[in-house]
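Asks: what's the 3D shape of this:
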Amino acid sequence: MADLPLLTAQDVLRRFSARELTIAVAESLTGGLLTAELIEPAGASTVVLGGVVAYSTELKATVLGVDRDLLTEHGPVHPEVARQLAENVRHALAVGGRAADVGIATTGVAGPEAQGGASVGTVFLGLADATSTSARELHLEGSRDEIRAATVAAAIAWLGEWTGEPTGE
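Replies: Residues are numbered from 1 along each chain as shown. Below is the predicted model of the structure:
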């Protein structure tokens, strides 16, 4: 994680606000921490539409439309699950018929035990906008809390990168 730029939620919100863009969040292993981090700064309501915590695998399918066959075959810790979470949350949290400009998603294993063949610290982030959807794989170490915090930091860094602005602020 040391190679990721240190961006704060405030940095991300400033960048999105300046471009009048919105964010929707789908979380699993982070359990609401990413949404909480993003809404901490004043003015977050102009950027963050909301977040969905789909901790249960079943909710990933029923609430956020992740393909059931994918979940059955690969489980919730998979790059395509992260992509589908990010894409689908954009539309699930549409306001006035307008999808969020960016969807960000977290799924993975924070521990204390492996899940569905994925080792502790295996995390996938998903990021979707109107033109593309992608996933990033992270291999994190530490306690459950440290893995979850590092996942939030990585998601915020990716949102910052997405804006295309230099990271040295």
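Asks: give the contact list for the residue nearest in space to the middle of the chain.
Replies: Centroid-nearest residue in the chain: residue 105, 2.5 Å away (criterion: C-alpha atoms, centre = their mean). Contacts were defined as C-beta atoms under 8 Å, 6 or more residues apart in numbering; by that measure residue 105 touches 25, 26, 27, 28, 82, 83, 85, 86, 89, 125, 126, 127. Heads up, the C-betas are built off the backbone N, CA and C, glycines and all.
Asks: Recalculate using a threshold of 10 Å.
Replies: 24-28, 30, 34, 51-52, 54, 60, 64, 66, 81-90, 124-128, 133, 135, 155 (C-beta atoms under 10 Å, 6 or more residues apart in numbering).
Asks: likewise residue 158?
Replies: Residue 158 touches 4, 7, 12, 102, 104, 125, 126, 127, 134, 136, counting by C-beta under 10 Å, 6+ apart.
Asks: in terms of contact, does the third one touch residue 157 like I think?
Replies: What that stands for is residue 12. Yes. Counting by C-beta atoms under 10 Å, residue 157 is a contact partner of residue 12 at 8.8 Å.
Asks: neighbour-wise, which of the two wins?
Replies: Here residue 12 and residue 157 are compared on neighbour count by other C-beta atoms under 10 Å; more neighbours surround residue 12, at 28 against 21.
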